[in-house]
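Q: missing the sequence, but the structure's below:
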């Protein structure tokens, strides 16, 4: 199946997220109550306060977090790999710009694919939920509500490719890159758990964007290996 997909029609994707507010106290009381309820479950494995857990853990929950960067990459017909990132201070602008891109270039679902690592469980559901929260109509390629995994072939998940049917197996992008002898994107001084701090405390979006794009490039390299494709691609310099 992978061999039949035109490489230039695959959009490689990674997102970076952070808590929606710089701290627990900035949430309105209703959201604080909801977070307190969620935090009770997290406290079972992480002894901490609800306020501390908000900054450390809220970034992975779409109800309590926001998108800070969407990194993308495409293979060109000329044999190069191009990268692009969308980021703004306002999350809604990020999501609307991303929707416009999908509507323009990937509206024909049967001829469009999105590839990422664990995108079925994280990136795509997160994007869809945040779009709906902002009242943004989902683009065709992301109209997935109520569908099973096998009903959305337009999503290519490199973690699923590595599972080979083993539904209990989780592997991080970092580990998969390492075992495949691909330079790890996590060796540049930042990882997903650092994004909240870098975004809200350091206010260094450029560092987050560079990290996000390294993930996109690594995912594309892993896809080529797992799909056993022999395309010759110029990925450019390793450091973005």
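A: Okay, I see it. Everything quoted here is computed from the prediction, not taken from an experiment.
Q: and residue 128, what does it touch?
A: Contacts here follow C-beta atoms under 8 Å, 6 or more residues apart in numbering; on that basis residue 128 touches 138, 142, 144, 145. For every residue, glycine as well, the C-beta is placed using N, CA and C.
Q: top of the residues you listed by number of neighbours, please.
A: Using other C-beta atoms under 10 Å as the neighbour test, those are led by residue 142, with 22 neighbours.
Q: let me know whether it touches residue 102 as I believe.
A: Yes - when contacts are counted by C-beta atoms under 8 Å, residue 142 is listed as touching residue 102 (7.0 Å).
Q: quick check: the gap between residue 15 and residue 95.
A: Distance of residue 15 to residue 95, given as C-beta to C-beta, to the nearest Å: 10 Å.
Q: overlap in contacts, the two.
A: Joint contacts of residue 15 and residue 95 (C-beta under 8 Å, 6+ apart) are 67, 127.
Q: so where is this protein shaky, pLDDT-wise?
A: 1-3, 149-150, 185-189, 237-240 (pLDDT under 70).
Q: where is the longest helix in it?
A: In the chain, assigned by DSSP state H, the helix with the most residues is helix 205-226.
Q: for the closest residue to residue 139 other than its chain neighbours, give me phi and psi.
A: Spatially, and ignoring its direct neighbours in sequence, residue 139 is nearest to residue 102 (4.1 Å; C-beta to C-beta, 6 or more residues apart in numbering). For residue 102, the backbone dihedrals (degrees, to the nearest 10) come out as phi -70, psi -40.
Q: first-to-last residue distance for stretch 46-64?
A: 18 Å (C-alpha to C-alpha, to the nearest Å).
Q: stretch 15-27 too?
A: 23 Å.
Q: tell me which residues are up against it.
A: 32, 35, 50-51, 54-55, 58-60, 64-71, 123, 126-127, 192, 195-196, 199-201, 208, 211-212.
Q: equivalent analysis for stretch 200-213, please.
A: In contact with stretch 200-213 (C-beta under 8 Å, 6+ apart) are residues 14-16, 18-19, 22-23, 55, 68-71, 73, 83, 85, 87, 185, 188, 190-191, 195, 198-199, 239-240.
Q: in PyMOL, how would I select just the buried ones from those?
A: Selection of the buried residues among these in PyMOL, burial being defined by 16 or more other C-beta atoms under 10 Å:
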select buried, resi 14+15+16+18+19+55+68+69+70+71+73+83+85+87+185+190+195+198+199+240
